[in-house]
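Chemist: Structure for this input, please:
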Amino acid sequence: MKNSGLRHVAALRHQSQAGSSLYLNPHKWQGLPADRVFELHEMRKTALGEKYAPNDAERQAILATYAELKVASPALAYSYEIDNFAERVMNNTPVALRGLPKKYSNVPVLDKGATPHEKRRLEQLHRISAYEMPLLAKYRQPYTPQPAAQTPLKLKFTTDFSDESTAVNRSVALSVKLQHLGLTDRQATKFKLLAGDKFDHRSNTFRLSTDRYPESTQNARWLVETFNRLLRESKDLTKNTFDEVPLNNVRQSARRKAAVFPELWKRPQDAPVQKHRIVKECVDAVKQRMDAEYVKSLSP
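Modeler: I've put the predicted structure just below:
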């Protein structure tokens, strides 16, 4: 029993001596916990004092604790936000709508040229103008306008291709000459009285325009129906002829007078002189001759 107790005390003394001298052997620090390595490092600096000088073994032991001391990176929890980074940050989506599923109705479509059906439509028009329109030359007839007494009404339509929503596209103007209506003197006087300021006494022309309806055909129909009622009332002398009402034929002046170019500003001597037009005239003559031969070959 006495020998075993002596051996146990010797072992403890050997361990304490080994632990106390561990700070002097940095090459034995490899594999120790980080706290123990820094504790031995401080013990070595304190014990050696001014004679302390770090060596490579001590540096390697301290650097080996870097993996244990660094903060563990969290698990990737932002995969959805990374996938939608362009939608959340790189566009003009409002903040309240960022991160929501993409709405394909809001995806901008860049204009990269005409669509295929537009190209096919233009190609078809070009084919018709090149191969079918010249064949219409065999159906041409001389134009013989109808007498104005048979078609007295004139309807004027205006089309603005730049903006189809303007009131100009649906506006229609009606004009008719008084001598084309075949009225008697009393009927013509009544027509002028009923027309009021819509009748121009300088040119004996009745003018009426409207844009009250959304379609130009509706406005044209309203103008024709209104004129027919006016003409019907003018021809009916059994009701009221308005013989006692004087006719106001005061000279009507244009709202905006046309400007007259001053005679003093005319300087024909400063006009450019046309020179070297011989080549252009020759080219135009050749074009006309070739066009005439081409149309002649298509005509029956």
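Chemist: list the contacts for G182?
Modeler: A149 (CB atoms under 8 Å, 6 or more residues apart in numbering). Backbone N, C-alpha and C define where each C-beta goes, glycine included.
Chemist: For whichever helix or strand L155 is part of, what does the pLDDT average out to?
Modeler: Taking DSSP states H and E as the definition, L155 sits inside strand 154-157. Averaged across strand 154-157, pLDDT comes to 95.
Chemist: ok, and what's touching it?
Modeler: With CB under 8 Å, 6+ apart, strand 154-157 has contacts from 172-176, 216, 220, 223-224.
Chemist: Can you pull the domain assignment for this protein?
Modeler: According to automatic domain parsing, the chain is divided into the following domains: 2-69, 154-235.
Chemist: returning to that earlier point: listing partners with orientation, what would you give for the strand holding L155?
Modeler: In the sheet, strand 154-157 lines up against strand 172-177 (antiparallel) (DSSP bridges).
Chemist: buried set for the helix or strand just after the strand it pairs with?
Modeler: For strand 172-177, the succeeding helix or strand toward the C-terminus, using DSSP H and E, is helix 185-195. Within helix 185-195, the residues scored as buried using 16 or more other CB atoms under 10 Å are 187-193, 195.
Chemist: nearest to S129, of the residues you listed?
Modeler: A195 (45.6 Å; CB to CB).
Chemist: Relative to T238, how far out is that closest one?
Modeler: 20 Å (CB to CB, to the nearest Å).
Chemist: cool, and Q30?
Modeler: 130 Å.
Chemist: neighbour-wise, which of those two wins?
Modeler: Higher neighbour count among Q30 and T238: Q30, with 11 against 5, using other CB atoms under 10 Å.
Chemist: Could you look up the SS state of the more buried one?
Modeler: Using DSSP: H, G, I helix; E, B strand; the rest coil, the structure places Q30 in coil.
Chemist: show me what contacts it?
Modeler: Neighbours of Q30 in contact, by CB under 8 Å, 6+ apart: 60-61, 64.
Chemist: phi, psi of it?
Modeler: phi -60, psi 130 (degrees, to the nearest 10).
Chemist: in the chain, which segments are predicted with low confidence?
Modeler: Along the chain, segments meeting pLDDT under 70 span 1-20, 68-93, 98-99, 101-114, 251-254, 299-300.
Chemist: swap the cut-off to 90 and go again
Modeler: 1-121, 143-150, 159-168, 196-197, 201-203, 237-259, 264, 266-284, 291-300 (pLDDT under 90).
Chemist: hey, where'd the helices end up in it?
Modeler: 2-20, 34-48, 56-64, 66-69, 79-83, 85-88, 116-127, 185-195, 216-235, 278-298 (DSSP state H).
Chemist: how about these in a markdown table, adding distance to Y143?
Modeler: As requested, the helices of the chain are exported to a markdown table (distance: least, CB to CB, whole Å):
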| stretch | distance to Y143 |
| --- | --- |
| helix 2-20 | 124 |
| helix 34-48 | 107 |
| helix 56-64 | 104 |
| helix 66-69 | 100 |
| helix 79-83 | 71 |
| helix 85-88 | 64 |
| helix 116-127 | 26 |
| helix 185-195 | 31 |
| helix 216-235 | 23 |
| helix 278-298 | 18 |
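Chemist: So which of those is nearest L247?
Modeler: helix 185-195 (5.9 Å).
Chemist: roughly how far is that closest one from the heart of the chain?
Modeler: Here helix 185-195 is found 54 Å from its chain centre; the criterion is CA atoms, centre = their mean, to the nearest Å.
Chemist: likewise stretch 52-71?
Modeler: The answer for stretch 52-71 is 65 Å, by CA atoms, centre = their mean.
Chemist: go on, stretch 269-288?
Modeler: 43 Å.
Chemist: what's the answer for stretch 291-300, then?
Modeler: 45 Å.
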